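Visitor: Dropping the sequence and predicted coords here.
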Amino acid sequence: MAISRDDVAYVAALARLELSEEELERYTVQLASILAHAADIAALDLSDLAPMAHPLPLKNVFRDDEPRPGLERDVVLAAAPAVEDHRFCVPRILGEEP
Amino acid sequence: MTPAAHDSGAWEWVVGLEVHCELQTATKLFCGCRNRFGDEPNTNICPVCLGLPGSLPVLNRQAVELAMRIGAALHCSVRPSIFHRKNYFYPDMPKDYQISQYDEPINVGGFLELPDGSRVGIVRAHLEEDTGKTTHVGGGGRVGSSEYSLVDYNRAGVPLVEIVSEPDIRSAEQARLYVSELRGILVATGASDGRMEEGSMRVDANISVRRVGSEQFGTRCEIKNLNSLRSLGRALEYEARRQIELLEAGETVVQETRHWDEEANRTTAMRSKEEAFDYRYFPEPDLVPLDPDPAWQRAVAASLGPMPADRRARILEVLGGTEASAQRDQVGVVVNQALDDLVLTAVDHGAPGSLALARAANEAAANPEAARRLDPKAFAQLILFEASGKLSSTQSKEVLGELLVRGGGDPEAIARAKGFEALAADALAAVIDEVIKANPAEWDSYLGGNDKVAGALIGKVMAATKGQADGKVVAAELRRLRSSS
Ligand SMILES: [Zn+2]
């Protein structure tokens, strides 16, 4: 599974990362070697094994539906760069709701 | 536009709906913060729902239970499922991703049967978390033109079930019927309060059009911001017309997401296709697979009460199976507002079903929350008073209004307190007797078959009772006296 420089640029754009030309080159090489490792696994005959959804042999971990105290609003909002009307104030959003 | 271009007869709509339903749990999906609408902003927040580093989600068992109830009510099967991260950058989710179920949802493959007999397939009903609430300041409150936005994370992490229908819907009316029936089912399962106006139920629609007879699907658009049944119907009408006009003009429909503008009565494109979202879904590593065991699934299915369709059938049955459409509508209202007990108990106590149904569907349903708290026996007693002529319909409605406002009480005592007691059947008989004696000529004429004079006699009875008698009851009594004289 080869990864191209364009793939890396695309993923970087999705992650809102601004990469220099030099970084793009470097990460393309690094990601290619990670994918090569995955390709090693893909080369094995694993037809007898069910796909693994999680590394731990666990399922059905639940919490009871009981309220627990959270964080104090003032403490949380004090850590925000800007606040108005007890709400987080964020810069103008470009683009539409996802 | 020529009339021909407007002729949608040759076109068929293909509509699928996605309904988001907030679950009525005490806490959020992955943390112990309260799930409560209307609280002060940012008072139900914690490290998990704020996405603070090091915090870990733990799945709420009750949310799973409610999701399975919804699935069972929609005839879905439960399957082993996992959660994914849906990655995007928008300040309504502080984590920069939403935890949702992607290609392995909990419920799959069901259907919903509508009151008109049509059936809409259910693709899936999966669990996910809700997002925070953004308020855009300046620029008319629209995101694109606003100066900045404010965010309240109380809703971030609230459990949702998203119910995705097959593209089986063919008209605005059927779409409204589907959402209305689904709402009734969600309320009946106890999973949702079904309040569209508070946003606890939200609808997105996918619509395309094609020539009647065609098996192929046209290019579809998704419409967002449908906050009421009315918006849903109008948005679909608009969008279908827009697509048909494009196609008839030889143009093509562009696959895109469109926003319903209620005031302008039109849909507008939200984003262009080159910005198509790539959410980079990947399995949520902090949550383990969900695989409800068969015993739990059976218990959930067994705990479901009757669904709206069964309840409508039950009421129609006690009414004697009449098929009048007005009565069907009233039955629909009664079931949607969960007032079945009022009608069933009244009939059980010997009250006429159609009168009980009318009072429940009209006067009681006008104040549904109070009506649901009403003692059905008190309601039954009131209907019996009205049916026997002890109370006129006006008085009965007034006593019912009082019962609803007070949250209960004794209909007889309320009627007496309002001075309605004079209208006990024997008192009314005495008044009629006096009127007959005082107007022998009119009475003779009435006995001789002159029905026109009945109005004058009824008027005199009404005057003598200061308008508190029920004209219909007086008329019936006059007829009875004539036939027995
Ligand atoms: Zn929380």
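Guide: Done, it's in.
Visitor: which stretches of chain A form strands?
Guide: Counting by DSSP state E, chain A has strands at residues A:62-63, A:83-84, A:87-91.
Visitor: correction: the stretch 151-300 of chain B
Guide: B:159-165, B:201-211, B:221-226, B:257-261, B:266-269, B:282-283 (DSSP state E, counting those that start in this stretch).
Visitor: Give me the distance between residue B:286 and residue A:17.
Guide: Distance, residue B:286 to residue A:17, using Cβ to Cβ, to the nearest Å: 23 Å. (Each C-beta comes from the backbone N, C-alpha and C, glycine too.)
Visitor: swap in residue B:465?
Guide: 84 Å.
Visitor: Kindly report the same for residue B:149.
Guide: 23 Å.
Visitor: So which of the two has more stuff around it?
Guide: residue B:149 (23 against 12; other Cβ atoms under 10 Å in any protein chain shown).
Visitor: Let me know the secondary structure of that one.
Guide: Following DSSP: H, G, I helix; E, B strand; the rest coil, residue B:149 is assigned to strand.
Visitor: and it, what pLDDT?
Guide: Residue B:149 carries a pLDDT value of 92.
Visitor: what does the one 5 residues further on give?
Guide: As summarised for this prediction, residue B:154 has a pLDDT of 97.
Visitor: my guess is it contacts residue B:45, does it?
Guide: Yes - the pair residue B:154 and residue B:45 passes the contact test of Cβ atoms under 8 Å, sitting 6.9 Å apart.
Visitor: Between those two, tell me which one has more neighbours.
Guide: residue B:45 (27 against 24).
Visitor: quick one: contacts for that one?
Guide: Each residue near residue B:45 by Cβ atoms under 8 Å, 6 or more residues apart in numbering or on different chains is listed here: A:70, A:71, A:73, A:76, B:33, B:153, B:154, B:156.
Visitor: Which member of those is positioned nearest the ion?
Guide: Nearest to the ion, judged by Cβ to the ion, of the contacts of residue B:45 is residue B:33 at 3.2 Å.
Visitor: how much space is there between the closest one and residue B:74?
Guide: Taken as Cβ to Cβ, the span from residue B:33 to residue B:74 is 28 Å.
Visitor: Show me which residues of chain A sit near chain B.
Guide: By Cβ under 8 Å from any Cβ of the partner chain, the residues of chain A that approach chain B are A:11, A:14, A:16, A:53-54, A:56, A:58-71, A:73, A:76-77, A:84-93, A:95-98.
Visitor: What subset of the residues you listed is buried?
Guide: Neighbour counting by 16 or more other Cβ atoms under 10 Å in any protein chain shown classes A:11, A:53, A:63, A:65, A:67, A:70-71, A:73, A:76-77, A:87-90, A:93, A:96-98 among the residues of chain A next to chain B as buried.
Visitor: Point to the residue nearest the middle of chain A.
Guide: residue A:15 (8.1 Å; Cα atoms, centre = their mean).
Visitor: thinking again about what came up before, nearest to residue B:80, out of the strands of chain A?
Guide: strand A:62-63 (15.1 Å; Cβ to Cβ).
Visitor: low-scoring stretches of the chain, by residue?
Guide: All of this is about chain A. A:1, A:94-98 (pLDDT under 70).
Visitor: that's the wrong chain, I meant chain B
Guide: Ranges of chain B meeting pLDDT under 70: B:1-9, B:143-144, B:271-276, B:321-324, B:421-425.
Visitor: any idea how far the longest helix along chain A is from the chain center?
Guide: Taking DSSP state H as the criterion, chain A has its longest helix at helix A:21-42. How far helix A:21-42 lies from its chain's middle: 17 Å, per Cα atoms, centre = their mean, to the nearest Å.
Visitor: which helices and strands does it pack with?
Guide: helix A:5-14 (3 or more Cβ pairs under 8 Å, 6 or more residues apart in numbering or on different chains; DSSP states H and E).
Visitor: the inter-axis angle of the helix it packs on versus helix A:21-42?
Guide: When axes from the mean of the first three to the mean of the last three Cα atoms, to 10 degrees is applied, the directions of helix A:5-14 and helix A:21-42 differ by 100 degrees.
Visitor: who does the longest helix belonging to chain B touch, helix- and strand-wise?
Guide: If you go by DSSP H, chain B has its longest helix at helix B:229-248. Counting contacts by 3+ Cβ pairs under 8 Å, 6+ apart, helix B:229-248 is packed against helix B:3-6, strand B:11-22, helix B:172-189, strand B:201-211, strand B:221-226, strand B:257-261, strand B:266-269.
Visitor: Could you dump the ones you listed into a markdown table and include distance to residue B:92?
Guide: What follows is those, written out as a markdown table (distance: least, Cβ to Cβ, whole Å):
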| stretch | distance to residue B:92 |
| --- | --- |
| helix B:3-6 | 39 |
| strand B:11-22 | 14 |
| helix B:172-189 | 23 |
| strand B:201-211 | 13 |
| strand B:221-226 | 14 |
| strand B:257-261 | 16 |
| strand B:266-269 | 21 |
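Visitor: closest one to residue B:473 among the ones you listed?
Guide: helix B:172-189 (36.0 Å).
Visitor: Buried by neighbour count: which residues of the closest one qualify?
Guide: Neighbour-count burial for helix B:172-189 [16+ other Cβ under 10 Å]: B:172, B:174-189.
Visitor: Put the alpha carbons of that helix into PDB.
Guide: The C-alpha coordinates for helix B:172-189 follow below in PDB (Å, rounded to 0.1, in the frame of the first residue of the first chain):
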ATOM      1  CA  ALA B 172     -44.800  15.000   2.000                       C
ATOM      2  CA  GLU B 173     -47.800  13.500   3.600                       C
ATOM      3  CA  GLN B 174     -46.200  10.100   4.000                       C
ATOM      4  CA  ALA B 175     -43.100  11.800   5.400                       C
ATOM      5  CA  ARG B 176     -45.100  13.700   8.000                       C
ATOM      6  CA  LEU B 177     -47.000  10.500   8.800                       C
ATOM      7  CA  TYR B 178     -43.700   8.600   9.300                       C
ATOM      8  CA  VAL B 179     -42.300  11.200  11.700                       C
ATOM      9  CA  SER B 180     -45.500  11.500  13.600                       C
ATOM     10  CA  GLU B 181     -45.800   7.700  14.000                       C
ATOM     11  CA  LEU B 182     -42.200   7.400  14.900                       C
ATOM     12  CA  ARG B 183     -42.600  10.100  17.500                       C
ATOM     13  CA  GLY B 184     -45.500   8.200  19.000                       C
ATOM     14  CA  ILE B 185     -43.400   5.000  19.100                       C
ATOM     15  CA  LEU B 186     -40.400   6.800  20.700                       C
ATOM     16  CA  VAL B 187     -42.600   8.200  23.400                       C
ATOM     17  CA  ALA B 188     -44.300   4.800  23.900                       C
ATOM     18  CA  THR B 189     -40.900   3.100  24.400                       C
END
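Visitor: what's the angle from it to strand B:11-22?
Guide: 20 degrees.
Visitor: And helix B:172-189, how far out from the chain middle?
Guide: 7 Å.
Visitor: Do I have it right that residue B:414 meets residue B:403?
Guide: Yes - if you go by Cβ under 8 Å, residue B:414 and residue B:403 touch, sitting 6.7 Å apart.
Visitor: Neighbour count for those two, which is higher?
Guide: residue B:403 (25 against 20).
Visitor: for the more buried one, helix, strand, or coil?
Guide: helix.
Visitor: give me the residue from the stretch 251-400 of chain B nearest the ion.
Guide: residue B:286 (14.2 Å).
Visitor: what's near enough to touch that residue?
Guide: Here residue B:286 is in contact with B:56, B:57 (Cβ under 8 Å, 6+ apart).
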